[in-house]
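**Q** sequence first, predicted model second:
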Amino acid sequence: MPFSRRTLLAGLTALALGFTTPAWAEAPPMPPSSIVSTNGIKLKVYEAGSGPAVVLLHGFPGLAYTWRHQIPALVAAGYRVIVPDLRGYGASDAPADVEAYDITSLTGDLVGLLDHLKVREAVFMGHDWGGLLAWQMALLHRERVAGVVSLNTPHVPHWGLWLHPDIVRPALAKGETFVADPKVDPIDQMRKVYSRDMYVLMFQDGDKADEAMNAAPRATIRSAYRKDLMRSSEWGKLPEFVVNMEYYGKPIPAELPGKDVLNADELDVYEHNFSRTGFTPAINWYRNISRAWKAGLGVDQNVRVPALMITAEHDVVLRPSMTEGMRDHVPDLETHVIPEAWHWTPEEKPDDVNRLAIDWLQRRYPAR
């Protein structure tokens, strides 16, 4: 998923709005947590409230803490909120083997979590990679999924997210065309479209990105969590290395573009966790894309539960336009665009996210 917009940080400082220290609201505290044994590992899980279950799935590089603004709002609306640090993150187990982060394991963790908590089915609400995971839960474990709420991440069948025409088109040479083939490994196809330093491909080829990120966790997170950057309409006009999403292996400038999403205390939480775990376990999710694609070849790619899709107007990779045509594979779909939002919607625009999600939940899965 889009990580740091590092190309912007290294080469497009002229487009920056300048660093501004905002007047931050105090972040709400996290609810009590417990350690849950599931699927052969242990997850740290926060839980609060009662009523219909909503499981919140963070993205890359996130934490259960990502949802600190959503948890109290959902509890107040009458929902039981379950929020894990996902496999490889935070205080949850982080197996060493790359293969331990395949989609069977990631979804199996959530099935085991529901079993442990004696929850028959839940709405899965995810952001970024958490959105991908929520869609996969609906495909692979339909009987445990009441509905899906995805922030930013559309459902594109057969792991074709990074091959969607809207983000491939700017990376093609003039006059070139490309049509993705769901029967071909998406990583192989991405190698034909993008440069070798495109971030998903860089994650496949060695540990250069891991080393750079692990060397400076706080700077890595701060450079990632930006808002008030360029508008999505400007994206296709930028240099080749930008449209190829070459986010890594470049120095982080002293002055970052846009504005911080996180205040110093919030940044402390992220720094503490990623200083302990490093970023490699999280990157290993990307290193299983080919394996996930292969596992899903015989799986119906239609999401047969109600779904809410919330996009951000200026997310330049996970663009609102990518939801066009989604109803072909998600028939019961409602979509909304949050204006003046970039990628980190749960933390950038918590009030908008809470309003849209709770309105949909109360209509589709009312709290009793």
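**A** Now that the structure is in, tell me what you want to look at. For clarity, every value in this text was computed on a predicted model and none was experimentally measured.
**Q** wasn't residue 155 part of a strand?
**A** No - applying DSSP: H, G, I helix; E, B strand; the rest coil, one finds residue 155 to be coil, outside a strand.
**Q** contacting residues for the nearest residue to it once chain neighbours are set aside?
**A** In this structure, residue 155 finds its nearest non-sequential neighbour in residue 135, 4.5 Å apart by CB to CB, 6 or more residues apart in numbering. All C-beta atoms are positioned from the backbone trio N, CA, C, and that covers glycine. Neighbour list for residue 135: 126, 148, 150, 153, 155, 303 [criterion: CB atoms under 8 Å, 6 or more residues apart in numbering].
**Q** neighbour-wise, which of these leads?
**A** For the contacts of residue 135, neighbours were counted by other CB atoms under 10 Å; the highest total belongs to residue 150, with 32 neighbours.
**Q** wait, is that residue part of a strand?
**A** Yes - in this structure, residue 150 lies within a strand as judged by three-state DSSP.
**Q** test my guess that it contacts residue 310.
**A** Yes - under the contact definition of CB atoms under 8 Å, residue 150 touches residue 310, with a separation of 7.1 Å.
**Q** can you count the residues close to residue 227?
**A** Residue neighbour count, defined by other CB under 10 Å, stands at 21 for residue 227.
**Q** with residue 124 instead?
**A** Look at residue 124: counted by other CB under 10 Å, it has 31 neighbours.
**Q** you'd agree the residue nearest to residue 155 is in a helix?
**A** Yes - with three-state DSSP as the criterion, residue 135 is part of a helix.
**Q** quick one: it from residue 80, how far?
**A** In this structure, residue 135 lies at 22 Å from residue 80, with CB to CB, to the nearest Å as the measure.
**Q** contact partners of stretch 292-299?
**A** For stretch 292-299, the external contacting residues (CB under 8 Å, 6+ apart) are 102-104, 136, 139-140, 158-159, 183, 185-187.
**Q** start to end distance for it?
**A** Across its full length, stretch 292-299 reaches 11 Å between end residues, using CA to CA, to the nearest Å.
**Q** now that stretch, how far from the chain's geometric center?
**A** Taking the mean C-alpha point of stretch 292-299 and that of its whole chain, the gap between them comes to 20 Å (CA atoms, centre = their mean, to the nearest Å).
**Q** now it: average pLDDT?
**A** Here stretch 292-299 scores 97 as its mean pLDDT.
**Q** quick check: buried residues in that stretch?
**A** For stretch 292-299, the buried set under the neighbour-count rule, 16 or more other CB atoms under 10 Å, comprises 292-293, 295-296.
**Q** farthest-separated two in these?
**A** Of all pairs drawn from the buried residues of stretch 292-299, the one with the largest separation by CB to CB is 293 and 295; the distance is 7.4 Å.
**Q** so who does the spatially most central residue of the chain touch?
**A** For the chain, the residue whose C-alpha lies nearest the mean C-alpha position (CA atoms, centre = their mean) is residue 128; its distance is 1.4 Å. With contact taken as CB under 8 Å, 6+ apart, residue 128 is in contact with 1-2, 58-60, 62, 151-153, 318, 343.
**Q** that older thread, check the residue nearest to residue 155 and give its pLDDT.
**A** In the prediction, the pLDDT value recorded for residue 135 is 98.
**Q** where in this structure is pLDDT low?
**A** Low-confidence segments of the chain, defined by pLDDT under 70, span residues 1-26, 231-242, 246-250.
**Q** tell me the secondary structure at the residue of it most remote from its centre.
**A** Seen from the C-alpha centroid of the chain, the residue lying at the greatest distance (CA atoms, centre = their mean) is residue 175, 32.3 Å away. Following three-state DSSP, residue 175 is assigned to coil.
**Q** and for residue 91, the neighbour number?
**A** The local packing count at residue 91 equals 17, with neighbours defined by other CB under 10 Å.
**Q** helix/strand/coil for the closest residue in space to it that isn't next to it in sequence?
**A** Here the nearest residue to residue 91 in space, its sequence neighbours aside, is residue 44; by CB to CB, 6+ apart that works out to 3.9 Å. Reduced to three states with three-state DSSP, the structure at residue 44 is strand.
**Q** number the chain from 323, please
**A** In the new numbering, first residue 323, that becomes residue 366.
**Q** residue 366 bridge partners, please.
**A** For residue 366, the residues forming beta bridges with it (DSSP bridges) are residue 357.
**Q** show the contacting residues for it.
**A** With contact taken as CB under 8 Å, 6+ apart, residue 366 is in contact with 355-358, 386, 406-407, 412-414.
**Q** for residue 471, same thing?
**A** Going by CB under 8 Å, 6+ apart, the list of residues near residue 471 reads 445-448, 456, 629-630, 632, 679, 682-683.
**Q** what's the burial count for residue 576?
**A** Residue 576 sits with 7 neighbouring residues when counted by other CB under 10 Å.
**Q** show me where the stretch 473-622 of the chain has strands.
**A** Listed in chain order, the strands found in the stretch 473-622 of the chain under DSSP state E, counting those that start in this stretch are 548-549, 581-582.
**Q** still on that earlier bit, of the contacts of residue 471, closest to residue 522?
**A** Closest approach between the contacts of residue 471 and residue 522, by CB to CB: residue 448, at 18.3 Å.
**Q** quick check: the closest one is in a strand.
**A** Yes - Residue 448 forms part of a strand when assessed by three-state DSSP.
**Q** quick check: bridge partners of it?
**A** Bridge pairing for residue 448 - DSSP bridges - gives residue 379, residue 472.
**Q** go ahead and confirm it touches residue 456.
**A** Yes - here residue 448 lies in contact with residue 456, judged by CB under 8 Å, at a distance of 3.7 Å.
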